[in-house]
Structure formats: C-alpha cells, structure tokens
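Undergrad: only the shape, not the letters, is given here:
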C-alpha cells in the first residue's frame, strides 16, 4: 500500500485563498442539494433500508459508514463518490457478508480511470438475499417456497478540482422483490472530498440516496420515503506514526434521532408513579453522540492494517441494558499480498452474535494482460494515487 506521506505537493500562498474559496463553494453546493432532498424522508419508515448497510469488510470495520478515508479500497468510492480516483484504476472487489438467520449480502465493485477525459468511473452491485420462505395458504397448508431479494446497481464518476479537491456523483437503480410485492427507485449520491497530502488530513461530505420511487409496493398508496442521509467525515494520518484516526457524522438533516424508550421513565413510588424528571431530561449528550462514529487504523509494516471503530447509535439501539456486551464495536484486518488484498471485518450489533464479512480485491492488470487491446484501453496503466 503506497504511503501518502511520500507525496509532497508544492503550494503557494498566492493560490491558497482562491483554492479554498472555490472548494468551499463545492461543499456548499452539496449541502444545498441535500436540503432539497430532505422533504422526502421526514417521518415514517423507509423503503430500501438495505442501502444503509455496509458494502465491504473495510467499511464494516470503520463502523458501517466512511466518507473521508483516502485508502486504496474501491468500496470507499461507493460511500463517497468523490473518493474514486485514478489510483483505483482497474481494481475489482468481491465481498460477502453472512448475516443472521441465513441472510447474506454480496457486493461487487470495479473502478476504471479514463485518461483522455481525466475522469474516474466506478461500478457497483449490492445484492441482499433473504433466503427461502415457506409459502402457505390461509389455513396453513404449504404450497411451496418463495424468495425475497433486494439489489442496487451503481454507476459513478469523479474528477479532480484544483490541487486538493475532488467531486463525484453516483447514480443508483434499486429494486426490491418481497414475495408478490415489488418496488424500484432511482437515486443519486453527490460527494466532495478535500485531501491535503502534506498534512495527511482528509475531509469528505456526501448527500446519499436522493431520488424518487419508480414503482411502489402498493400502487394504490403514496410512494414510500427513501433513506436519504447527509454525512460528513474527517480523518487524520500521522506522518511519523503508523496511525490514522477518523470520525464520521451522519443524519445531519435531523437533530433528534434518539429512540423514545419507555424504560427511561422509571417507577419511583410505592403506587408505581413515574419519575416526571425523566420526561423532562434533554438528553443533549446522548442525542449529540448518536450522530458520531469514531475509529482508528494502525498499519503494521506495509502489508497489514488493523482497524477498530465504535458506533454510538448502534450500541444504544441494539445493546441490552442487562448484557450490553460489545455491541456497537467493529474490527477488521487488511492483508496486502500485492496482486490481491484480503479484507476481513467483524461487526457487533447484538449479543446474538457478530457479522463476519470477507472480501477480495484484485489489481486486474497484475493478474493478467490483454496484449494490444490492453495497451489501447490502458489496462496496464499504473497511476499515482492522489497526484
């Protein structure tokens, strides 16, 4: 894995103010677009909730969301399209996540850089299989089996802007098939990324899942809301220590995402009266930190990276008061074997057991060549990352 600290760009004080101002305009544009998509997600439950799931072991180890990690991993470009770049050219990734009750999630990601137009493209498929179900009639007699699946296909593109900025967009087509009910939707992600190779500081902002339902589960009912989210992340890598720390903030469009738990109102009288003070608590800190994910990555030599993270919202929603365990924590290991990379992620949602996810990433040009065709399409091109 290439060390980004080896890249030291030249900067001048004359161009820095202009560059920062234009970069800020890009970030503000994302916020404006996101605000226009807010109306479609107020209240109720969402369709296509599977789009909130992690799309790789690396993302799982980072707490389920990562929009500001300039790592050599194509799956992060599905988290923030502006992270797609020339350094991820010809990278193919296949991930598998074995969930509870036989449910499985499979993800395929691929990146390609078009040198002539200086644009990096990505392609992704997310497939969720809920398994086989027994079909019965109204008196309980079995009549066969059926399957339930969700999937999404993503096409994205990203370009550089000035010295440190990138911007990108993903277009997604999602489909859901649940017995006889089916639905589909078209969505878009828009992201901006700022990365300073001198300070190794990265900042990302992305508006996810902005779009409309094309077909609803019930044609006679209003369209279901889509799981929009607005996220900001920051990561910092240290020059002389093989350590990177990061934080991601999600659900920025809504302040209070705290579950109104009846257990927070405790009985404190002989007759079973309630504690009125519990109702009046503001829970400011709890509401604040439910938006945060914290984590760190440690690089051991040039081949192994160990990741750990803490998702406060996941722990608060999934942990049992009597036995919280390690709900909300996630860990991962990345082993770089030159021609391919092995990723493993382990996420703890509940004491029922963790999710275990495995992934393989291939540098296609290192595995095989395509002769003259490969030269024509720049199959063997090796671009400098974050140039």
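TA: All right, it came through fine. A quick note: this is a predicted structure, and the numbers were derived from the prediction, not measured.
Undergrad: so who does residue 222 touch?
TA: Residue 222 makes contacts with residue 216, as judged by Cβ atoms under 8 Å, 6 or more residues apart in numbering. C-beta coordinates here come from the backbone N, C-alpha and C atoms, glycine included.
Undergrad: got the buried residues for stretch 104-112?
TA: 105, 107, 109, 110, 111, 112 (16 or more other Cβ atoms under 10 Å).
Undergrad: averaged pLDDT, that stretch. What do you get?
TA: The pLDDT scores in stretch 104-112 average 95.
Undergrad: got any ranges where the stretch 251-387 of the chain has weak pLDDT?
TA: Where the stretch 251-387 of the chain drops to pLDDT under 70, the residues are 260-280, 387.
Undergrad: quick one, helices of it?
TA: With DSSP state H, counting those that start in this stretch as the criterion, the stretch 251-387 of the chain has helices at 276-280, 284-289, 312-318, 364-367, 371-376.
Undergrad: closest to residue 218 out of those helices?
TA: helix 312-318 (27.8 Å; Cβ to Cβ).
Undergrad: and that closest one, what other elements does it pack with?
TA: The contact analysis (3 or more Cβ pairs under 8 Å, 6 or more residues apart in numbering; DSSP states H and E) places helix 312-318 against strand 292-300, strand 340-350.
Undergrad: can you list the strands that the longest one pairs with?
TA: This means strand 340-350. Applying DSSP bridges, strand 340-350 is found paired with strand 329-336 (antiparallel), strand 353-363 (antiparallel).
Undergrad: tilt between the first one and strand 292-300?
TA: Per axes from the mean of the first three to the mean of the last three Cα atoms, to 10 degrees, the angle that strand 329-336 makes with strand 292-300 is 30 degrees.
Undergrad: what does strand 329-336 contact?
TA: Applying Cβ under 8 Å, 6+ apart, the external contacts of strand 329-336 come out as 1, 57-58, 60-64, 73, 295, 302-311, 315, 341-348.
Undergrad: buried only: go through the residues you listed for me.
TA: Using 16+ other Cβ under 10 Å, the buried ones in the contacts of strand 329-336 are 1, 57-58, 60-64, 73, 295, 305, 307-311, 315, 341, 343-348.
Undergrad: following element in sequence after whatever helix or strand residue 134 lives in, please.
TA: Per DSSP states H and E: residue 134 is located in strand 119-136. Next in sequence after strand 119-136, counting helices and strands by DSSP H and E, comes strand 142-161.
Undergrad: helices or strands up against that following strand?
TA: Judged by 3+ Cβ pairs under 8 Å, 6+ apart, strand 142-161 is in contact with helix 16-37, helix 76-79, strand 119-136, strand 165-178.
Undergrad: would you mark the buried spots in it?
TA: Those would be 148, 150, 151, 152, 154, 156, 157, 158, 159, 160, 161, for strand 142-161 by 16+ other Cβ under 10 Å.
Undergrad: so who does the fourth one touch?
TA: Residues in contact with residue 152, defined by Cβ under 8 Å, 6+ apart, are 48, 50, 51, 124, 125, 126, 172, 173, 174, 175.
Undergrad: can you do 7 Å?
TA: Contact analysis of residue 152 by Cβ atoms under 7 Å, 6 or more residues apart in numbering lists 51, 126, 172, 173, 174.
Undergrad: what's the neighbour count on residue 74?
TA: Neighbour count of residue 74, defined by other Cβ atoms under 10 Å: 25.
Undergrad: that one and residue 316, how far apart?
TA: Plainly put, residue 74 is 31 Å away from residue 316 if you go by Cβ to Cβ, to the nearest Å.
Undergrad: let me have the buried residues of strand 142-161 in JSON lines, extended by pLDDT and distance to residue 380.
TA: JSON lines is the format used below for the buried residues of strand 142-161 (pLDDT from 0 to 100; distance: Cβ to Cβ, whole Å):
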{"residue": "148", "pLDDT": "92", "distance to residue 380": "42"}
{"residue": "150", "pLDDT": "95", "distance to residue 380": "37"}
{"residue": "151", "pLDDT": "96", "distance to residue 380": "32"}
{"residue": "152", "pLDDT": "97", "distance to residue 380": "31"}
{"residue": "154", "pLDDT": "97", "distance to residue 380": "26"}
{"residue": "156", "pLDDT": "96", "distance to residue 380": "23"}
{"residue": "157", "pLDDT": "97", "distance to residue 380": "22"}
{"residue": "158", "pLDDT": "96", "distance to residue 380": "22"}
{"residue": "159", "pLDDT": "95", "distance to residue 380": "23"}
{"residue": "160", "pLDDT": "93", "distance to residue 380": "22"}
{"residue": "161", "pLDDT": "92", "distance to residue 380": "28"}
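Undergrad: adding distance to residue 83, write these out as a markdown table.
TA: Output for the buried residues of strand 142-161, formatted as a markdown table (distance: Cβ to Cβ, whole Å):
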| residue | distance to residue 83 |
| --- | --- |
| 148 | 32 |
| 150 | 24 |
| 151 | 23 |
| 152 | 18 |
| 154 | 13 |
| 156 | 10 |
| 157 | 12 |
| 158 | 7 |
| 159 | 12 |
| 160 | 12 |
| 161 | 14 |
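Undergrad: for the residues you listed, which one is nearest residue 200?
TA: Using Cβ to Cβ, residue 160 is the member of the buried residues of strand 142-161 that lies nearest residue 200, at 17.9 Å.
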